[in-house]
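> coords below, sequence missing:
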């Protein structure tokens, strides 16, 4: 509401008046040094207008031509006479004349409704320039209506947080030097919707442009109407362009057929790209059954290389999660030939875990056979131990295969319990096995050779296995475990760096 403004008078005046200039100074006509300035003599003394003065300083916006003397302002019109003078003395001749035509005046932004600065003078501008200014203001009003139609909202500038906090720096404006762009910027460098549509790919590749597009459902739907025809795959390889395509796919699934089609045609290349793989995953999420089947056919003969790729392995995981066995059966055939080495791969182990989570043992017979065959090295491997843990947790192997894994763990339980990776398998086996399997493992720990169990108590890794055994053991097994540990007193355990955890367990169980 600008009705209370001392100069504009009303909103209609601001919009319709042909003369809407501001009192401002030419950037080359700033006052000289304070020593040559007679005007600076005011109630704050000679240094009143100096930028380094304690109280006197220039105004926040140099274009307004305001010199702030303490709490008062001095503004100049085109005739170099002050609008309101806080000092009785007239300006010194050392000041250059302030010409309204020296540079364009700052425009008022109707989108945010920010009032014009003080010193607003509707009579200090030539009629030709005033007419151009009024036309620019009407264009800005039309742009504001377009922004509202696009779903954009004016946002208040962020302030500093707690007392003493600094307000965040404003975002840089959108690039205006792109080919074919004649930007008609508003307050924060926001282009018009038509400018974005005419140069959609250019804006989609910039952080600010991508944000504007993602906030407007109208602009996102324009992708399906051909604003990126034939260029979607290339845009997906850009960090911000990929975010725009993902937003389009997630906004209106029924209108995403063009984007899915172009992504499918270049799915292998996009799957290996850091940003393109995210767009491929979004396309798999929203695609129809037919579109998914067509997309996944491009992976035939390339599954193993995709699985071992830094980015493409996430696409294969999404296929396993979203598609049926009939659609991904060829993947199982390509991966089942050497599952043992695949389980040791940092990305391949992820694929095997997804398979164990979504398919049953009857579909994974060949892969299970390979894992069980190489169980001993896999249990001790940096990545393979996760595959064995998944096999035990999801119970996707036959009872005979699972018993073979438990037997291997029991035969090497002391060695595995002190191993950085194998100890995780021992703990998971104790926690997830059925009652007979759990008793079988804990008995192996209790019946280990003399000194084996005792060595685990004060071991930085082995003490966790003993704690897990106490947690799941039967009362009879707990008593046997406590009897094996009586060679050390509770006091000695409490003074040990790792054995103190076992002492706490014994005290809680009443075996102290």
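Nice, I can see it. Quantities reported herein were computed from a predicted structural model and do not represent experimental measurements. Numbering: from 1, shown residues only.
> From here on, just use CA atoms for contacts and neighbour counts.
Fine.
> how much space between residue 314 and residue 354?
According to CA to CA, to the nearest Å, residue 314 and residue 354 sit 11 Å apart.
> Where does pLDDT dip in the stretch 151-300 of the chain?
Residues of the stretch 151-300 of the chain meeting the criterion pLDDT under 70: 151-189.
> how about the strands in this protein?
Using DSSP state E, the strands found in the chain span residues 57-58, 67-69, 72-74.
> before we move on, the earlier item: looking at residue 314 and residue 354, which one has more neighbours?
Neighbour count, other CA atoms under 10 Å: between residue 314 and residue 354, residue 314 has more, with 22 against 18.
> Please verify my assumption that the more buried one contacts residue 277.
Yes: using CA atoms under 8 Å, residue 314 makes contact with residue 277 at a distance of 7.5 Å.
> Show me which helix or strand of this structure is least confident by mean pLDDT.
Ranked by mean pLDDT, DSSP states H and E, the weakest helix or strand in the chain is strand 67-69, scoring a mean of 33.
> Please report how far residue 213 lies from residue 259.
Counting by CA to CA, the gap from residue 213 to residue 259 is 16 Å.
> what's the burial count for the closest residue to residue 196 other than its chain neighbours?
Closest residue to residue 196 apart from its sequence neighbours, by CA to CA, 6 or more residues apart in numbering: residue 203 at 6.4 Å. When neighbours are defined as other CA under 10 Å, residue 203 has 24 of them.
> Contact partners for residue 203?
By CA atoms under 8 Å, 6 or more residues apart in numbering, the residues touching residue 203 are 196, 209, 210.
> Just the buried residues of those.
196, 209, 210 (16 or more other CA atoms under 10 Å).
> burial count for the closest residue to residue 213 other than its chain neighbours?
Among residues not flanking residue 213 along the chain, residue 219 sits closest, at 5.7 Å (CA to CA, 6+ apart). Other residues near residue 219 come to 23 when the count uses other CA under 10 Å.
> So residue 219 sits against residue 197, correct?
Yes: using CA under 8 Å, residue 219 is in contact with residue 197, at 7.4 Å.
> How much space separates the residue nearest to residue 213 from residue 209?
11 Å.
> Wait, residue 308 touches residue 349, no?
No: using CA under 8 Å, residue 308 makes no contact with residue 349, being 9.5 Å away.
> between those two, who's got more neighbours?
Legend: neighbour count by other CA under 10 Å for residue 308 and residue 349, higher for residue 349 (24 against 18).
> which residues touch the closest residue to that one other than its chain neighbours?
Spatial nearest neighbour of residue 349, excluding adjacent residues (CA to CA, 6+ apart): residue 343 at 4.5 Å. Shown in contact with residue 343 (CA under 8 Å, 6+ apart): 349, 352, 371, 378, 383, 384, 387.
> now residue 416
380, 409, 422, 423, 426.
> Number of residues surrounding residue 258?
Neighbour count of residue 258, defined by other CA under 10 Å: 17.
> now swap in the one 4 residues further on and tell me
Counted by other CA under 10 Å, the residues lying close to residue 262 total 16.
> How about the one 3 residues further on?
The burial count assigned to residue 265 is 14, neighbours taken as other CA under 10 Å.
> With adjacent residues omitted, what lies nearest to it?
Nearest to residue 265 is residue 295, by CA to CA, 6+ apart, at 8.0 Å.
> hang on, that neighbour packs against residue 267?
Yes: between residue 295 and residue 267 there is a contact under CA under 8 Å: 7.2 Å.
> Overlap of the contact sets of these two?
With CA under 8 Å, 6+ apart, residue 295 and residue 267 have no common neighbours.
> picking that back up, list just the nearest of the contacts of residue 343 to residue 325.
residue 352 (14.3 Å; CA to CA).
> looking at it, that closest one is touching residue 387, isn't it?
Yes: between residue 352 and residue 387 a contact is recorded at 6.8 Å, counting by CA under 8 Å.
> mind showing which ranges of the chain have poor pLDDT?
Ranges of the chain meeting pLDDT under 70: 1-127, 129-134, 136-189, 395-396, 487-488, 512.
> how about 50 then?
1-120, 122, 154-188 (pLDDT under 50).
> Now for residue 475, how many residues are close by?
Residues near residue 475, counting by other CA under 10 Å, number 11.
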